[in-house]
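Student: Any chance you can model this:
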Amino acid sequence: MPLRTRLLEGPALLAPEAHPVPAERGRLSSWVRGRLEDSGLALARLDRPLDEAGLLALGADLGRVSEETDPAVLPYVEQGRILNLISGRAATEDVALQPFSAGTLTLHSEGSGRPVATQPRYIVLMCQDPGDEAAAQTVLVPMRAVAERLQPRTLHTLGGLFYQDAPGVPPMARTVGDRTVFSFRDFGDRPLRWLAGKDTGPCADAAAEADDAIAALLAAMYRPETALGIRWQRGTLAVIDNTWFFHGRTAGRFSAGARRHLQRIRVTAR
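Tutor: Numbering: from 1, shown residues only. Predicted coordinates for the structure are as follows:
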């Protein structure tokens with residue numbers, strides 16, 4: 001908990017560089033794909049924000065843009081797929097509404113409670129209005145750095161742990177090529193109910209080992225050394241590979257009447 005608080009409520013984080021890129025579709029899509037292949041993150045400073053058609057077109061160039069179906073967020077959805085993230089609410093424990101609040105958003109991989117085929121591969125964020133200079137940063141933590149902080153036995157244990165009551169979900173850690181990919185959300189103060197695979201040993205030992213592995217994962221996620229914090233400006237575009245980064249948000253401190261407005265689409269792989 002102290003690590004989480006320090007990262008999400010402490011000093012501003014190091015901001016990755018946003019590269020000037022024209023908003024023209026062909027050049028932008030090509031640049032985004034190249035950056036994603038190299039580093040899992042495309043962060044651009046566009047000459048103008050993309051409109052809804054341009055945002056959906058970029059998503060279609062990357063894969064299939066997912067529909068937004070959660071009833072809690074439908075009032076904020078345009079064209080069925082663009083979610084308007086307007087930070088105007090007070091801090092809340094409701095995970096569905098946390099993206100609209102000024103409070104912190106704990107680190108997670110997007111769609112961690114879904115089967116791999118329906119998890120977003122890319123999260124696309126477009127800044128229409130940054131709010132003010134004290135607004136929250138979007139936090140990025142590389143999964144590779146998290147995996148390197150964990151012991152091999154811990155990674156093995158996480159590879160046999162699944163969310164309970166979520167059939168078809170991947171394990172909390174899996175190997176994809178030469179990378180460790182996590183499907184995991186920090187649920188904060190709410191309980192995380194897990195299910196162990198078959199090769200777990202005696203029940204008491206398995207339970208203790210699982211709890212220790214999850215605690216080690218959380219501690220590794222919130223180490224500050226490799227965390228980055230995106231600083232939003234009007235026209236900033238971020239495309240995040242969901243298999244490369246955990247993401248979250250620091251606490252916001254908005255002036256009266258100042259509300260940050262990001263637009264988000266989620267893209268599944270073709």
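
Student: The longest helix along the chain packs against which elements?
Tutor: Using DSSP state H, we find that the single longest helix of the chain is helix 203-221. Packing partners of helix 203-221 (3 or more Cβ pairs under 8 Å, 6 or more residues apart in numbering; DSSP states H and E): helix 2-9, helix 143-149, helix 152-158, strand 161-163, strand 194-196. Every C-beta, even on glycine, is put in place using the N, C-alpha and C of the backbone.

Student: could you give me the average pLDDT of stretch 123-139?
Tutor: The pLDDT scores in stretch 123-139 average 86.

Student: how much distance is there from that stretch to the middle of the chain?
Tutor: 14 Å (Cα atoms, centre = their mean, to the nearest Å).

Student: end-to-end on it?
Tutor: 13 Å (Cα to Cα, to the nearest Å).

Student: in it, what's buried?
Tutor: By neighbour count on 16 or more other Cβ atoms under 10 Å, the buried set for stretch 123-139 is 123-131, 135-139.

Student: From the recorded domain assignment, give the ranges for this protein.
Tutor: Domain assignment of the chain by automatic domain parsing yields the ranges 8-143+227-268, 145-221.

Student: Asp205 versus Leu62, what's the distance?
Tutor: 44 Å (Cβ to Cβ, to the nearest Å).

Student: These two: which is more packed in?
Tutor: Neighbour totals were compared for Leu62 and Asp205, and Leu62 leads with 21 against 10 (other Cβ atoms under 10 Å).

Student: can you pull the contacts of the closest residue to the more buried one other than its chain neighbours?
Tutor: Nearest residue to Leu62, sequence neighbours excluded (Cβ to Cβ, 6 or more residues apart in numbering): Val267, at 4.9 Å. Val267 makes contact with Gly59, Leu62, Gly63, Arg64, Val65, Ser66, Pro120, Arg121, Tyr122, Ile123, Val124, according to Cβ atoms under 8 Å, 6 or more residues apart in numbering.
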